[in-house]
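pasting the structure only:
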């Protein structure tokens, strides 16, 4: 069958197998080479594409949950959406979550996801106590930051290339409400935006929408959203999707005129210094309310580009990136800026202390050329690109910006992963 990631670019023909038990997983991997595990396919590019794909959605066993400590053990195919529905009404929330709840625990670990609170809580793997992993030789082992720590550091952020994550144990955080106290701040340019990130860095959650078409003195014009958990003792279940996009929109729908108009209206509508209570799903997962929103970009798909720029050069670097985008005419419909705290010790984990900018573009030749230009600037600034969003990074950029890749490969060799697990992404990046 033909498969693809959330960006719907690239596409690949694959044999997809859906085991229903751990024994089935073992038999499947022992019978194939060049296989990659896959969850809900929310990575954007080709990291979950291969000739043989192992879907982990149907391998389920009941959760084990300690209601006193918030420690949860579940299968890799368990989704964040399922966790939220089960445990938010009981007063527990995910310690770290990306901008969608439609991902699996296994995918969250393999991508070492981050969220709006990295500056205070780090990445998802920083809250993982233990991982159960199926190795390439059929053995099942447990790994943590103290048990087979090299395997743990390679698996967290390792894009499924060390083995099949079968399950994990991690900590949820206690909450008193299913609402967020959200403050909205309108900021006139990038300097003001970055100043605000620093001013409010003690708050648990922060993110900024950027007008990617703004130039000159308005470069980096933004709306910042700050958040903290409410304490009203009202806990309710998470709401579902509100609308669905059933067809691919014409590619011409998103053009400089429509995007500029949207940006102007969105910025004008926002009320600065407004504080109000909003549902968890509204603050953390605004796009999840629109089913199949990736169809907005047309049938060719979209390119998501996320980079991190070290804080020491962050102000200059982010400004240069936004200027290149604005001047190129290749508008980004969604541009998001977040503050990162210190990174962890995982070999291929993305975050490092600085600022991360996410952009998306329609798949077209001009956009690919722009991203090549952005790559060189990110390299010069000492930054790197996020593997879970990547669909076209050159091998040279990857190996220059992820200096621990050779250590990662050595761990894969030691634990029988080389030749057994690979993806279109890993082959493109020069991993065995």
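Ah, there it is. Please read all numbers here as calculations on a predicted model, not as lab measurements.

now do stretch 222-236: everything it contacts.
88-91, 93, 116, 175-187, 190, 193, 196-197, 200, 203-211, 266-267, 270, 277, 283, 337 (Cβ atoms under 8 Å, 6 or more residues apart in numbering). Just so you know, the C-beta spots here come from the backbone N, C-alpha and C atoms, and that holds for glycine as well.

which of these fall within strands?
93, 179-187, 205-210, 277, 337 (DSSP state E).

only the buried subset of these, as a PyMOL command please.
Buried subset of the ones in strands among the contacts of stretch 222-236, written as a PyMOL selection, criterion 16 or more other Cβ atoms under 10 Å:
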select buried, resi 93+179+180+181+182+183+184+185+186+187+205+206+207+208+209+210+337
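
partners of the helix or strand of the chain with the lowest mean pLDDT, with directions?
One helix or strand of the chain scores below all others by mean pLDDT, DSSP states H and E: strand 243-244, with a mean of 88. Applying DSSP bridges, strand 243-244 is found paired with strand 290-291 (parallel).

name the next helix or strand downstream of the strand it pairs with, please.
For strand 290-291, the following helix or strand on the C-terminal side (DSSP states H and E) is strand 302-310.

show me what the helix or strand that that following strand is followed by is packed up against.
Going down the chain from strand 302-310, the next helix or strand is helix 314-328, by DSSP H and E. On a contact count with 3 or more Cβ pairs under 8 Å, 6 or more residues apart in numbering; DSSP states H and E, helix 314-328 meets helix 190-199, strand 302-310, strand 335-340, strand 354-362, helix 365-380.

switch to 10 Å and redo it
Packing partners of helix 314-328 (3 or more Cβ pairs under 10 Å, 6 or more residues apart in numbering; DSSP states H and E): helix 190-199, strand 205-210, strand 302-310, strand 335-340, strand 354-362, helix 365-380.

make JSON lines out of those and add distance to residue 165.
As requested, the helices and strands packed on helix 314-328 are arranged in JSON lines below (distance: least, Cβ to Cβ, whole Å):
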{"stretch": "helix 190-199", "distance to residue 165": "33"}
{"stretch": "strand 205-210", "distance to residue 165": "27"}
{"stretch": "strand 302-310", "distance to residue 165": "22"}
{"stretch": "strand 335-340", "distance to residue 165": "24"}
{"stretch": "strand 354-362", "distance to residue 165": "24"}
{"stretch": "helix 365-380", "distance to residue 165": "29"}
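
let's have these in TSV, adding mean pLDDT and distance to residue 417.
Output for the helices and strands packed on helix 314-328, formatted as TSV (pLDDT from 0 to 100; distance: least, Cβ to Cβ, whole Å):
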stretch	mean pLDDT	distance to residue 417
helix 190-199	97	38
strand 205-210	98	35
strand 302-310	98	26
strand 335-340	98	28
strand 354-362	97	28
helix 365-380	97	28
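
how about these, which one is nearest residue 101?
strand 205-210 (15.1 Å; Cβ to Cβ).

distance of residue 366 from residue 372?
In this view, residue 366 and residue 372 are 11 Å apart by Cβ to Cβ, to the nearest Å.

cool, and residue 364?
Residue 364 is 13 Å from residue 372, where distance means Cβ to Cβ.

same check, this time on residue 263
Between residue 263 and residue 372 the computed distance is 25 Å (Cβ to Cβ).

pick out whichever of those two has more residues nearby.
Neighbour tally, residue 263 and residue 372, criterion other Cβ atoms under 10 Å: the higher count belongs to residue 263, 20 against 12.

so who does the more buried one touch?
209, 210, 211, 212, 213, 214, 221, 331, 333, 335 (Cβ atoms under 10 Å, 6 or more residues apart in numbering).

please redo it, this time with the cut-off set to 7 Å
Residue 263 makes contacts with 211, 213, as judged by Cβ atoms under 7 Å, 6 or more residues apart in numbering.

same question for residue 47.
159, 387, 388, 423, 425.

count of neighbours near the fourth one?
The number of residues packed near residue 423 is 27, by other Cβ under 10 Å.

got the phi and psi for it?
phi -140, psi 170 (degrees, to the nearest 10).

okay, and the beta partners of the residue lying closest to it once chain neighbours are set aside?
Distances taken as Cβ to Cβ, 6 or more residues apart in numbering place residue 36 nearest to residue 423, at 4.4 Å, with adjacent residues excluded. Assessed by DSSP bridges, residue 36 has beta-bridge partners residue 53.

how close does residue 36 get to residue 15?
11 Å.

with residue 278 instead?
Taken as Cβ to Cβ, the span from residue 278 to residue 15 is 44 Å.
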